[in-house]
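>>> Mind looking at a prediction? Sequence and model below.
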Amino acid sequence: MTTTAADLIGLFPPGSRPDTDGTLMVGGCRLDAIAEEFGTPAIVVNEDALRRRARDYLAAFRGRWPRSDVAFASKSFPCTAVQRVMAEEGLHLDVAGGGEILTALKAGADPARLVLHGNAKTDEELEIAVGHGVGLVVIDNFDDIDRLERIVGAGRRQACLVRVIPGVEAATHASQATGHAASKFGLSPEDARAAIARIEAGSRLRLDGVHTHVGSQLLNVDQLAAAVEPIARLGTFEVYDLGGGLGARYTYDEHPPGLDEYADAMTTQARALLPSGSRIIVEPGRSMVAASACTLYRVTTVKRGVVTHVAVDGGMGDNLEVSLTGQRFEATIVNRVGGGEPVSVVGRHCESGDQLVDGVALRDPVVGDLLAVPVTGAYCYTMSNQYNGARRVPVVFTCDGDARLVVRRDTWDDLLVRDVD
Ligand SMILES: *Cc1c(COP(=O)(O)O)cnc(C)c1O
């Protein structure tokens, strides 16, 4: 299949376009100017696209089910600037653990609009959550109940949801499936009933409802909507949290459901199975942020052999999606978009698996070129690491031709400060 420049640009954040000389622009900023100012590798976000997506998500659900809330799954892009955008646009925030509570609070989020997740919460994390007044704690296991009963002070009540394993085998990578019967997340329906009874028998927890989550990068709305029935069967509650999981479009031949199709499927199922006055929550991560960003690299070497390896100055230090989930990405040279011969784009790390894109067409790549990989807004920044002494990537927001740094790159000193002996 031949792909055109327009196909490729269609994977970049909405509003991306080539400048008059063909150099790709994101949020009205030339990618070569961004590389000049902030260096490479760098994650470049179109802030306006991010805001618009948040607004569209909320409208899609509120328009169909007025008592709905969208809780952004912070773990997919847990930096203060992104969490602030989501909070400003009226979203709740899912937080997985103490650290994401702290970045959310720094972002100015209302603690009452935080939903705490985790299958292995510690006393310390629950103390942070309760101490700051986190709105909902999602109970994953019986030990969560014991811990919370201890930590919540006398005379107070902590609102919570019980997480139920939906028993859905999601068609996605094994690392992204969370809803099958043997999942480590949540309780079986039978155990969930016992947990609900225990919470209701105590005095320090208030059971608001139930939660489930099927998996991530799901491309089939029926699998997503299958989350509703298992929690509907548990009884009548105030809140039904249906989880996240809608897939993003990473490649030309992936066609995930659109927002309207997804919201239709979820609310149709809700109308059939849930009490009409109840409140539903959805928790998108990937489908909220993936398409709003791209990662910018500098080509460091082009090695022509059995295959042509185009190596860049990043890799698995800033994108673990390829090796962890097998996700395919696309790529382009930023001032020669579309066309070219197939090459293998590899990273700088000491693993053969450190490949960014295998078999992607690049037009005449040479050392010093800038290369951009689209759809890196989800789970890339959050898993960035210092493998091989990599300095973790910065995040740059672009908007109407302005670019600003929202997370700085690690300094060389950052690589040394934790070594105390
Ligand atoms: C990860 C996660 C999400 C978000 O999943 P996406 O696939 O990124 O939409 C939502 N809810 C829970 C409980 C999660 O663990």
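Done, it's in.

>>> for the residue in the stretch 51-200 of the chain positioned nearest to the ligand, phi and psi?
Residue of the stretch 51-200 of the chain nearest the ligand, by C-beta to the nearest ligand atom: Ala73 (3.4 Å). (Each C-beta comes from the backbone N, C-alpha and C, glycine too.) Main-chain dihedrals, Ala73, degrees, to the nearest 10: phi -80, psi 90.

>>> so what's Arg391 closest to, chain neighbours aside?
With sequence-adjacent residues excluded and distances taken as C-beta to C-beta, 6 or more residues apart in numbering, Arg391 is closest to Asp410, at 3.7 Å.

>>> The residue of the stretch 51-200 of the chain closest to the ligand touches Gly285, doesn't it?
Yes: counting by C-beta atoms under 8 Å, Ala73 does reach Gly285; the two are 3.1 Å apart.

>>> rewinding a little: and the residue of the stretch 51-200 of the chain closest to the ligand, how far is that from Thr122?
Between Ala73 and Thr122 the computed distance is 20 Å (C-beta to C-beta, to the nearest Å).

>>> same deal with Gly108?
Distance of Gly108 to Thr122, computed by C-beta to C-beta: 26 Å.

>>> Can you name the residues of the chain that neighbour the ligand?
By C-beta under 6 Å from any ligand atom, the residues of the chain that approach the ligand are 73, 75-76, 94, 117, 213, 216, 243-246, 283-287.

>>> Go through those residues and flag which are in strands.
73, 94, 117 (DSSP state E).

>>> Over to stretch 280-295 now: how far is its first residue from its last?
Criterion C-alpha to C-alpha, to the nearest Å; first-to-last residue distance in stretch 280-295 is 34 Å.

>>> returning to what we had before: with neighbour numbers in mind, choose between Ala73 and Thr122.
Neighbours per residue (other C-beta atoms under 10 Å) separate Ala73 from Thr122, with Ala73 holding more: 29 against 12.

>>> distance of that one from Arg156?
Look at Ala73 and Arg156: by C-beta to C-beta, they are 27 Å apart.

>>> Could you verify my assumption that His92 touches Arg113?
Yes: counting by C-beta under 8 Å, His92 does reach Arg113; the two are 4.4 Å apart.

>>> Now do the shared contacts for the two.
Residues touching both His92 and Arg113 (C-beta atoms under 8 Å, 6 or more residues apart in numbering) are 71, 135.

>>> out of the two, which sits in the more crowded spot?
Ranked by neighbour count (other C-beta under 10 Å), His92 and Arg113 place His92 first, with 23 against 18.

>>> can you pull the contacts of that one?
His92 neighbours (C-beta under 8 Å, 6+ apart): 69-72, 113-115, 135, 281.

>>> circling back to that earlier point, okay, and the common contacts of Ala73 and Gly285?
What both Ala73 and Gly285 touch, as defined by C-beta under 8 Å, 6+ apart, is the set 94, 244.

>>> circling back to that earlier point, export the contacts of His92 as JSON lines, with columns for secondary structure.
Shown next, in JSON lines, are the contacts of His92 (DSSP: H, G, I helix; E, B strand; the rest coil):
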{"residue": "Asp69", "secondary structure": "strand"}
{"residue": "Val70", "secondary structure": "strand"}
{"residue": "Ala71", "secondary structure": "strand"}
{"residue": "Phe72", "secondary structure": "strand"}
{"residue": "Arg113", "secondary structure": "helix"}
{"residue": "Leu114", "secondary structure": "strand"}
{"residue": "Val115", "secondary structure": "strand"}
{"residue": "Gly135", "secondary structure": "coil"}
{"residue": "Ile281", "secondary structure": "strand"}
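
>>> so can I have a markdown table of those showing pLDDT and distance to Pro365?
Below are the contacts of His92 laid out as a markdown table (pLDDT from 0 to 100; distance: C-beta to C-beta, whole Å):
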| residue | pLDDT | distance to Pro365 |
| --- | --- | --- |
| Asp69 | 98 | 46 |
| Val70 | 98 | 40 |
| Ala71 | 98 | 41 |
| Phe72 | 98 | 36 |
| Arg113 | 98 | 46 |
| Leu114 | 98 | 45 |
| Val115 | 98 | 44 |
| Gly135 | 98 | 49 |
| Ile281 | 98 | 45 |
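
>>> ok, so of the ones in strands among the residues of the chain next to the ligand, who is nearest Pro365?
Nearest to Pro365 among those, counting by C-beta to C-beta, is Ala73 at 35.2 Å.

>>> so the closest one bridges to which residues?
Beta-bridge partners of Ala73, counted by DSSP bridges, are Asp94.

>>> quick one: pLDDT of it?
Per-residue confidence (pLDDT) for Ala73: 98.

>>> Also Tyr252?
Per-residue confidence at Tyr252 stands at 89 (pLDDT).

>>> And the one 10 residues further on, by the same measure?
Tyr262 carries a pLDDT score of 98 in this model.

>>> how many neighbours does the nearest residue to it once chain neighbours are set aside have?
Of all residues not flanking Tyr262 in the chain, Leu246 sits nearest, at 5.2 Å (C-beta to C-beta, 6+ apart). Using other C-beta under 10 Å, Leu246 is surrounded by 28 other residues.

>>> and the helix or strand encompassing Asp208, which strands flank it?
Secondary structure assignment for Asp208, by DSSP states H and E: strand 205-211. Note on strand 205-211: by DSSP bridges, its sheet partners are strand 158-163 (parallel), strand 239-241 (parallel).

>>> sorry, back to before: who touches the residue nearest to Arg391 in this structure?
Per C-beta under 8 Å, 6+ apart, neighbours of Asp410: 386, 390-392.

>>> same question, Val360
330-331, 342-345.

>>> Could you report the distance from it to Val168?
Going from Val360 to Val168 by C-beta to C-beta gives 33 Å.

>>> can you pull out the helices in the stretch 101-250 of the chain?
Using DSSP state H, counting those that start in this stretch, the helices assigned to the stretch 101-250 of the chain run over residues 123-132, 142-151, 189-201, 221-225, 228-232.

>>> what's next to the fourth one, contact-wise?
Translated: helix 221-225. Outside helix 221-225, the residues that touch it by C-beta under 8 Å, 6+ apart are 168, 170-171, 214-215, 218, 245-246, 257, 261-262, 264-266, 268-269.
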